[in-house]
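Peer 1: Pasting the sequence and the predicted model now:
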Amino acid sequence: MTPSNGNEDSFTTPPLVKSRAQTFPAAPVGARLRTLMTFSLAVAVALAVHLFVSKKEPVPETRSYTVFLCAVLAVALLTAPAQLLWSGLRRWRQNMHPILAAVAFLLCLWEIITSGLRLLPLPYFPSPAKVLQSLISDRMLLFDSTWHSLILLISGYALGVFAGLISGICIGWSSPIRYWGMPVLKVVGPIPATAWIPLAMVIAPSAIVSAAALIALAVWFPVTMLTASGISNTRASYLDVARTLGAGRGYLIFRVAVPAAIPNIFIGLFMGLGASFLTLVVAETVGVKSGLGWYVSWAQGWAEYGKVFAALVIMAAFFSTIMTMLFKVRDRVLVWQKGVIKW
Amino acid sequence: MVAVAEGKASSLRLHEVSKSFPAPDDPLARHAALQNVSLSLAAGELVSLVGPSGCGKSTLLRLLAGLDSPDSGEVFIGSEPIKGPGAERGLVFQDPSLFPWLTVRRNIESGLVARHVLHEKRHEVDEFMRLVGLEGFANAYPHHLSGGMAQRVALARALVNHPKALLLDEPLGALDAFTRMRMQDEVLRLWQARGTTMLLVTHDIDEAIYMSNRIVIMTQRPGRIEQTISIALERPRDRSHQDFLRLRGDILELLHFAGNASIENKS
């Protein structure tokens, strides 16, 4: 009972080893050392510029930034030789050092423009040293604000995704529901969630609840839209095959149509995430008395622009971390697409 | 739940079946895909369906699969009328239509999952992977497979439910000539090992002669059965044998006539 297959089938062993897409080809040792030193050099330049510029500044404001730059320089110098022994680190540094060096140069440039040449009006554009100092001195409040933003974001996003998946699956699968649901979706969905703020404030029992509901609304629309289109565009042959395998409705929906729609659903999840960040910050600025959005407007009220920038730095880190996590989840879930579709 | 008896084949029968579809360009007109078609397959028989494209071969198969229902006439498996799709009739398309989000193993298991019997029958999956020569590929995803391998997975997925009849809609049509010939032997081997009734739609006359007990030739617009030819050649068949080639010539001639509806039915 051996199958009579020749070589045609046997040479296509599945390439289960992941290929690293974005690494640079190995460079000769001299070039490699040079590229690895650029980051250290960039930080050293930034530090020198800072020490020169900050002579005019009060000491307590600049000390933490000096310490910070020294620490980064130390790390850069220490990892440069370490990469000779550790190939993982080497690959990472080879890949990342142009970006890291560029960041160091940008900090340096920022410092020259602000406290060096004083090209920008001062209270609004503090130096990186001032921003770092605000970040450190106000860390408890910033941490607290980030925490509150996180809670609000997660609750609103989860609610929106949950509702969006349910309505998306219903609209995508059942044509009577599509008939009645699609017009509602098309008319109500495109209204920006923030436009509901006046109404939400009146209806909801508290500002937090109304903010969570608005975030959920902002997420719901793209998730519903993309889920519905993914479900209704499921290839007919998948459904036909499943039917002839004895599948009931539950199998057809949850084991065929939903997996087939997952790539679409993730696009909806990403769009919803972007919308949720926007709605979160606006809702916190307008109504909610906590969170990063509230912190920014509060600091602005006191003309403490160092704190405004500090909060922006935190927001950038916070939002991009969440975005990265969603990317990781997607890569895990859509592992079957690897090599089929490039994102 | 449909009781699927192991290794038991069933006869298939269409009685005076007609089916039409709305014309794509004119919503009021209808194209007759099949007109008064009657056909029966004995249990365990392998029958090929050949004919020009658009003669309703695939429609006929979909009716037997239960994916479509006829406008008039009746369709039976054994003595049971066919009312919808069921696990006792397996279906394999030209496009393997594997679920790309499932590994090879899970694709083959999907029929068991769909019927909620995975627990009792899990051990059979290995047997089917061996049967189609895919032991080493259990955890590969479909996009890693070549066309021939993907079609074997599709066959195994259909066979795991122990169907009483297997409906094959040009399953080897997209394969290159060498793979196709090897797969013909594989399908024959599966047929001989399991005794399943098989209805094979194909464009390839050599394939039809090489594989089937009977060849059913269909005409175009409206789809009707032109003639049925029994193939009495010894198995394994020799593609270059005189009788083989003569049959091939006869059928080609018939198909040429079948393209012209004006020629009278020769049966």
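Peer 2: Perfect, thanks for sending it.
Peer 1: Where do the helices of the stretch 151-267 of chain B begin and end?
Peer 2: Using DSSP state H, counting those that start in this stretch, the helices of the stretch 151-267 of chain B run over residues B:177-194, B:205-211, B:242-259.
Peer 1: Could you measure from B:N107 over to A:A82?
Peer 2: 46 Å (Cβ to Cβ, to the nearest Å). Every C-beta, even on glycine, is put in place using the N, C-alpha and C of the backbone.
Peer 1: whoops, B:S79 was the one
Peer 2: 79 Å.
Peer 1: Repeat that for B:L172.
Peer 2: 58 Å.
Peer 1: Ok, A:F125 next?
Peer 2: For A:F125 relative to A:A82 (Cβ to Cβ), the value is 37 Å.
Peer 1: dump the residue contacts of B:D71.
Peer 2: B:D71 sits next to B:18-20 when contact means Cβ atoms under 8 Å, 6 or more residues apart in numbering or on different chains.
Peer 1: Could you single out the nearest of those to B:Q94?
Peer 2: Closest approach to B:Q94 among the contacts of B:D71 (Cβ to Cβ): B:K19, at 20.2 Å.
Peer 1: Quick check, the closest one in contact with B:L64.
Peer 2: No - look at B:K19 against B:L64 with Cβ atoms under 8 Å: they stay out of range, at 11.6 Å.
Peer 1: Identify the residues contacting the closest residue to B:V104 other than its chain neighbours.
Peer 2: Excluding its sequence neighbours, the residue lying closest to B:V104 (Cβ to Cβ, 6 or more residues apart in numbering or on different chains) is B:F137, at 4.9 Å. By Cβ under 8 Å, 6+ apart, B:F137 lies in contact with A:14, B:104, B:129, B:144-145, B:149.
Peer 1: got it, and B:S40?
Peer 2: Neighbouring residues of B:S40 by Cβ under 8 Å, 6+ apart: B:11-14.
Peer 1: Out of the helices of the stretch 151-267 of chain B, which is closest to chain A?
Peer 2: Closest of the helices of the stretch 151-267 of chain B to chain A is helix B:177-194, at 5.4 Å (criterion: Cβ to the nearest Cβ).
Peer 1: Centre of the chain to that closest one, how far?
Peer 2: How far helix B:177-194 lies from its chain's middle: 13 Å, per Cα atoms, centre = their mean, to the nearest Å.
Peer 1: Any part of that helix near chain A?
Peer 2: Yes - using Cβ under 8 Å from any Cβ of the partner chain, we find that helix B:177-194 touches chain A at B:178-179, B:182, B:185-186, B:189, B:193.
Peer 1: Likewise for stretch B:145-158?
Peer 2: Yes - using Cβ under 8 Å from any Cβ, stretch B:145-158 comes into contact with chain A via B:145-146, B:148-149, B:154, B:157-158.
Peer 1: Save the residues you listed as TSV, and put in distance to B:Q94, pLDDT and neighbour count too.
Peer 2: Compiled in TSV, the residues of stretch B:145-158 next to chain A are given as follows (distance: Cβ to Cβ, whole Å; pLDDT from 0 to 100; neighbours: other Cβ atoms under 10 Å in any protein chain shown):
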residue	distance to B:Q94	pLDDT	neighbour count
B:L145	15	88	21
B:S146	15	87	16
B:G148	13	84	23
B:M149	15	87	26
B:A154	10	91	26
B:R157	15	91	29
B:A158	14	89	25
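Peer 1: Would you point out the most distant pair within those?
Peer 2: Greatest spatial distance in the residues of stretch B:145-158 next to chain A: B:S146 and B:A158, 18.9 Å, computed using Cβ to Cβ.
Peer 1: Where does the stretch 151-300 of chain A get nearest to chain B, residue-wise?
Peer 2: Closest point on the stretch 151-300 of chain A to chain B, by Cβ to the nearest Cβ, is A:G246, at 3.2 Å.
Peer 1: Tell me, how many residues neighbour the nearest residue to that residue once chain neighbours are set aside?
Peer 2: Closest residue in space to A:G246, ignoring its immediate chain neighbours: B:A87 at 3.2 Å, by Cβ to Cβ, 6+ apart. Residue crowding around B:A87 was assessed by other Cβ atoms under 10 Å in any protein chain shown; the count is 25.
Peer 1: got it, and A:Q337?
Peer 2: Neighbours around A:Q337, by other Cβ under 10 Å: 18.
Peer 1: what does B:A32 give?
Peer 2: 16.
Peer 1: In this structure it contacts B:A23, no?
Peer 2: No - using Cβ under 8 Å, B:A32 makes no contact with B:A23, being 10.3 Å away.
Peer 1: Report the separation between the residue most central in space within chain B and B:V47.
Peer 2: In chain B, the residue lying closest to the centroid (Cα atoms, centre = their mean) is B:L168, at 1.9 Å. B:L168 sits 10 Å away from B:V47, going by Cβ to Cβ.
Peer 1: Which neighbours do these two have in common?
Peer 2: B:198-200.
Peer 1: care to break chain A down by domain?
Peer 2: Residue ranges for each domain of chain A read A:29-125, A:139-337, as given by automatic domain parsing.
Peer 1: Same list, those domains, but as JSON lines with mean pLDDT please.
Peer 2: Output for those, formatted as JSON lines (pLDDT from 0 to 100):
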{"stretch": "domain A:29-125", "mean pLDDT": "81"}
{"stretch": "domain A:139-337", "mean pLDDT": "92"}
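Peer 1: and among those domains, the most buried is which?
Peer 2: Counting by mean count of other Cβ atoms under 10 Å in any protein chain shown, domain A:139-337 has the highest mean neighbour count of the domains of chain A, with a mean of 19.
Peer 1: Secondary structure and pLDDT for the contacts of B:S40 - can I get that in TSV?
Peer 2: What follows is these, written out as TSV (DSSP: H, G, I helix; E, B strand; the rest coil; pLDDT from 0 to 100):
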residue	secondary structure	pLDDT
B:S11	coil	84
B:L12	strand	86
B:R13	strand	85
B:L14	strand	87
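Peer 1: Take these and write them to CSV, including distance to A:A228 and neighbour count.
Peer 2: CSV is the format used below for the contacts of B:S40 (distance: Cβ to Cβ, whole Å; neighbours: other Cβ atoms under 10 Å in any protein chain shown):
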residue, distance to A:A228, neighbour count
B:S11, 43, 17
B:L12, 38, 25
B:R13, 41, 20
B:L14, 38, 22
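Peer 1: and which of the contacts of B:F137 is nearest A:A218?
Peer 2: Checking the contacts of B:F137 one by one against A:A218 (Cβ to Cβ), the nearest turns out to be B:H144, at 38.9 Å.
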